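Participant: Build me a model from this:
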Amino acid sequence: MKMKNLFVVMLNCQRAILVTILLVTGIFIAGLVTVPTVLASGQATSSTVVDDIVTDPEGSGDFKVIALIQDDTGETYAVVTENFLLIYTTVEVNDTLPDPDSGVDWTVESVNTDGVTGLVDELNLTRITGQDADGNDIVETKSLLVVEDKSADASAEEDAAAGAAGDPGGAVDPPPTAAGDVRNVYDVRRGASGDDGRDGYGVEVCIPVIGCATVEYSAHSGEDGDDGPTINRTIPSSSTPGDISTVSTRLSGIKVVSIGGNGGDGGDAYGNIDAKPGGDAGDGGNVTLKANTTISTSGKQGSGIFAQSRAGVAGDGGDGYIWSSGGSSGSSAHGGTVSVTNQADGLIGTTGDYAHGVFAQSIGGSAGSGGDSWGIVGEGGSSRVGGNGGSVYVTHEGDVVTDGKASQGLFAQSIGGTGGDGGAAGGIVGLGGEGSAGGKGGSVTVSTTTDSQVETRDVGSHGILAQSIGGGGGNGGIGVGIVGLGASGSGGGDASTVTVNHDGSILTSANGSSGILAQSIGGGGGNAGVGAGLVGLGADGSGGGNGSTVKITSGAGSIITTEGDDSYGIFAQSI
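Facilitator: Residues are numbered from 1 along each chain as shown. I've put the predicted structure just below:
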């Protein structure tokens, strides 16, 4: 019979070594794999299945079968044992053995048996390859040993590099404090991060007559990150614990943050197996904070209240080498809902630069990048879409004063995660991976009540800054080779609705400090990948994301006063 597509039936690999037998051509890499043996007995035949025990016809022992070489009708022509012995099953007269190179099959003319085991250990083969000038058949003969030791041809790194362990998560230690840091609240927690995947190795082992085999020690995918915890905090009035005060840089009076765990990076691959994808990121948890206390900060970037939900970062796809394709990135995650209420007795004053009165933020996770691929044929992995920012709510009932530059009174922001870049590729043929779209910005709502007050005193300090921002699109991967094909970039993420309901009083004193600045901004599109080589084809870039509705309502009793240049009372913008 004619040999058609060879493929592998496999189950249960000894010591996690996966052996795939394919009819392929490619690179031969020499090495050594050592595998322990088990004992039993039996002649390998066309009825042998994976996990059966067969005897080496040359008397070296009895071994477990880990793979079958079959045609597309399911007929078994040979088996591979756990110690990489190739044993033919065509052991009876008139059995046929295909030769895919010439297309002329061999027929078993006779067999020889081993004097010790009594099993067939040699095949005498014939075939007719044509006729001579006199019309006589041209008969070709050969002898073939039933068993061949292929252990010296296998190069599977059994002790492949294990991936790095992920962060275990839990409470994040606070930064060092100074003498003037009094009763500040620091509650930052994160989900556990996934472990990186193990690297894998795959090489070709050539088998006479049948073809070639791929010996594979499979790579592992990166593990997923856990979601960040839900956090609910209520900070009572100053009369109970006393005022909150900080003087250190980047130390907020109250800091409450939930962070999703990062996905582990996918395992790299060497040879002609594919690299593995990165792990998925964990979502940021929901954060709810109610504060009714006096807070004063004097350090740079020391906001009165900082509440944030932040998604983890997806793991990058593993890189591929020689024939291996790069792995895709893990899936990105989303920021959770953030809700902050500064209650009527909440009195907040900041004097450092970039120190906001109330800063509430939700950030979607950035997508990991697709793995690179470098070798004869390189195909970079594709990335996933960036995660969405969650909804953000700020309600202000008390008083806020900021006295540093770029220090917003109330700052509410939701940002979509950036799309991942496609993997680069290089080789005779280099195919870049696709970039992915940015995540969406979530909805943002800021409300001030009657009798509430917001005041800012330095440049670039708006009374209320409310923003929804889509994540930027990822860039397409670069393809480099004799034929180099770049991949497309992807679009930026859309922004969501921004709403401000103002019923209190706002005063800004310096230049570039609007009373209310509300923006919905779509993310920028990704760049196309470059194709470089004798044939080099670039790809398309992509468009930016859409801005959404911006709605501002100023109540009948509300007041907005601005005293500096370039300082609007109300500035509403959708981009």
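Participant: Mind listing what's buried along the biggest strand by length in the chain?
Facilitator: Secondary structure of the chain per DSSP state E: the longest strand is strand 120-131. Using 16 or more other CB atoms under 10 Å as the test for burial, strand 120-131 gives 120-125, 127. Backbone N, C-alpha and C define where each C-beta goes, glycine included.
Participant: Show me the shaky parts of the stretch 451-575 of the chain.
Facilitator: 472-492, 524-544 (pLDDT under 70).
Participant: Next up, identify which helix or strand Gly135 is on.
Facilitator: Gly135 is part of no helix or strand when elements are defined by DSSP states H and E.
Participant: What does the pLDDT read for it?
Facilitator: pLDDT recorded at Gly135 is 87.
Participant: Next one: it from Val313, what distance?
Facilitator: 75 Å (CB to CB, to the nearest Å).
Participant: ok, those two, which is more surrounded?
Facilitator: Val313 (27 against 6; other CB atoms under 10 Å).
Participant: So Thr259 sits against Arg189, correct?
Facilitator: In this structure residue 259 is Ile, not Thr. Yes: here Ile259 reaches Arg189: they are 7.2 Å apart, a contact under CB atoms under 8 Å.
Participant: So those two - more neighbours on which side?
Facilitator: A count of neighbours by other CB under 10 Å puts Ile259 above the other of Ile259 and Arg189, at 30 against 18.
Participant: On the strand side of things, show who that one bridges to.
Facilitator: Arg190, Arg310 (DSSP bridges).
Participant: residues contacting it?
Facilitator: For Ile259, the contacting residues are 172, 188-191, 228, 284, 309-312, by CB atoms under 8 Å, 6 or more residues apart in numbering.
Participant: Narrow these to those that are buried.
Facilitator: Applying 16+ other CB under 10 Å to the contacts of Ile259, the neighbour count classes 188-191, 228, 284, 309-312 as buried.
Participant: Turn those into a markdown table, including distance to Val80 and pLDDT.
Facilitator: Shown next, in a markdown table, are the buried ones among the contacts of Ile259 (distance: CB to CB, whole Å; pLDDT from 0 to 100):
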| residue | distance to Val80 | pLDDT |
| --- | --- | --- |
| Val188 | 53 | 96 |
| Arg189 | 50 | 96 |
| Arg190 | 46 | 94 |
| Gly191 | 43 | 94 |
| Gly228 | 47 | 95 |
| Gly284 | 48 | 94 |
| Ser309 | 52 | 95 |
| Arg310 | 49 | 91 |
| Ala311 | 45 | 90 |
| Gly312 | 42 | 88 |
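Participant: What does Ile348 show for phi and psi?
Facilitator: As for Ile348, its main-chain torsions (degrees, to the nearest 10) stand at phi -120, psi 130.
Participant: what residues are up against the closest residue to it other than its chain neighbours?
Facilitator: Nearest non-adjacent residue to Ile348, counting by CB to CB, 6 or more residues apart in numbering: Gly304, 3.6 Å away. Each residue near Gly304 by CB under 8 Å, 6+ apart is listed here: 252-254, 295-297, 348-350, 355-358, 400.
Participant: Nearest to Thr90, out of those residues: which one, please.
Facilitator: Minimum distance to Thr90 across the contacts of Gly304 is 76.2 Å, recorded for Ser252 (CB to CB).
Participant: my read: that closest one touches Gln308, true?
Facilitator: No: when contacts are counted by CB under 8 Å, Ser252 is not listed as touching Gln308 (10.2 Å).
Participant: joint contacts of these two?
Facilitator: Shared contacts of Ser252 and Gln308, defined by CB under 8 Å, 6+ apart, are found at Phe359.
Participant: Go through the contacts of Ile259 and name the one nearest Ser102.
Facilitator: Gly312 (56.0 Å).
Participant: Could you report the separation of that closest one from Gly284?
Facilitator: 8 Å.
Participant: which residues do these two both contact?
Facilitator: Joint contacts of Gly312 and Gly284 (CB under 8 Å, 6+ apart) are 228, 259-260, 333, 365.
Participant: got the residues you listed as CSV, with distance to Asp494 columns?
Facilitator: Formatted as CSV, the shared contacts of Gly312 and Gly284 follow (distance: CB to CB, whole Å):
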residue, distance to Asp494
Gly228, 24
Ile259, 24
Gly260, 22
Ala333, 18
Gly365, 17
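Participant: Looking at stretch 143-154 now, give me its mean pLDDT.
Facilitator: Stretch 143-154 shows a mean pLDDT of 75.
Participant: start at 40 instead
Facilitator: In the new count, where the first residue is 40, that last one comes out as stretch 182-193.
Participant: what's near enough to touch Tyr127?
Facilitator: Contacts for Tyr127 (CB under 8 Å, 6+ apart) come out as 83, 116-117, 136, 162, 183, 185-186.
Participant: ok, of those, which one's closest to Asp90?
Facilitator: Using CB to CB, Ala83 comes nearest to Asp90 of those, at 13.0 Å.
Participant: just checking, that closest one is part of a strand?
Facilitator: No: counting by DSSP: H, G, I helix; E, B strand; the rest coil, Ala83 falls outside a strand, being coil.
Participant: Any stretches of the stretch 240-389 of the chain with poor pLDDT?
Facilitator: 240-257, 278-279, 309-312, 358-366, 368.
Participant: Would you map the strands across it?
Facilitator: 250-256, 270-274, 283-285, 293-298, 308-310, 326-330, 333-336, 344-349, 359-361, 377-381, 386-389 (DSSP state E, counting those that start in this stretch).
Participant: which other residues reach the third one?
Facilitator: In other words, strand 283-285. 216, 219-224, 274, 277, 291-293, 332-338, 341.
Participant: Please pick the buried ones from those residues.
Facilitator: Buried by 16+ other CB under 10 Å: 220, 222-224, 274, 277, 291-293, 332-338, 341, out of the contacts of strand 283-285.
Participant: residue contacts, Asn325?
Facilitator: Applying CB under 8 Å, 6+ apart, the residues near Asn325 are 269-270, 297, 348, 375-378, 429.
Participant: swap the cut-off to 10 Å and go again
Facilitator: Listed by CB atoms under 10 Å, 6 or more residues apart in numbering, the contact set of Asn325 reads 267-271, 297, 348, 374-378, 401, 429-430.
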